[in-house]
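J.: Got a predicted structure plus its sequence, pasted below:
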Amino acid sequence: MQPHPDPTPVALACAIVTVSDSRTLETDTSGQLIRSLLATAGHQVSHYEILPDEPERIRQAIAQLSSQPIDILLFNGGTGIAPRDTTYDAITSLLEKTLPGFGELFRMLSFAEVGSRAMASRAVAGTIGRQVLFSMPGSSKAVKLAMEQLVLPEMVHLVKQLSS
């Protein structure tokens, strides 16, 4: 099931932030996949970076990005429950409005692919000012699922909702 199409195409300004202690620009397949999917859909990547999974660095990045003309913040990585997975905690403390359906739907769709291990994902989305933030796991398979089935079909609609 696809949402009602937007009558006119809208190109959004997007930021990609990969949260990882080990990835580099050369090995960040998930960040590059997000970049490719956004370009194919006609959106612009205004910012791309890789950060270590450190809550203060994540919060600083969000503060910096929130002052820029960016519509969508796309985080990947650090959403599990391992001791170094702190992305969820750093992000949720800053969200003004949460979109619980994103995490719920992501886990439901993931369950079909990975079974009960989907419950360990802390994928989350919400708003910060007039920006929509999505935080998804760092695996390329999870990124593909989130982007193709949830983020890309709804991001223009969500940004328009914040503007009305």
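T.: Nice, I can see it.

J.: so where's the chain shaky on pLDDT?
T.: The chain contains residues with pLDDT under 70 at 1-7.

J.: What are the buried residues along the longest helix along the chain?
T.: What stands out as the longest helix in the chain, according to DSSP state H, is helix 100-114. Using 16 or more other Cβ atoms under 10 Å as the test for burial, helix 100-114 gives 102-103, 105-107, 109-110, 114. Every residue, glycine included, has its C-beta placed from N, CA and C.

J.: all strands of this protein, in order?
T.: 13-19, 44-51, 72-76, 97-98, 124-128, 131-136 (DSSP state E).

J.: Neighbouring strands - and their directions - for the shortest one?
T.: The strands beside strand 97-98 in its sheet (DSSP bridges) come out as strand 124-128 (antiparallel).

J.: could I get the partner strand in PDB with only the CA atoms?
T.: Output of strand 124-128 as PDB, limited to C-alpha atoms (Å, rounded to 0.1, in the frame of the first residue of the first chain):
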ATOM      1  CA  VAL A 124      12.900   6.200  16.200                       C
ATOM      2  CA  ALA A 125      11.600   9.300  14.500                       C
ATOM      3  CA  GLY A 126      10.300  12.700  15.500                       C
ATOM      4  CA  THR A 127      10.600  16.400  15.000                       C
ATOM      5  CA  ILE A 128      13.000  19.000  16.100                       C
END
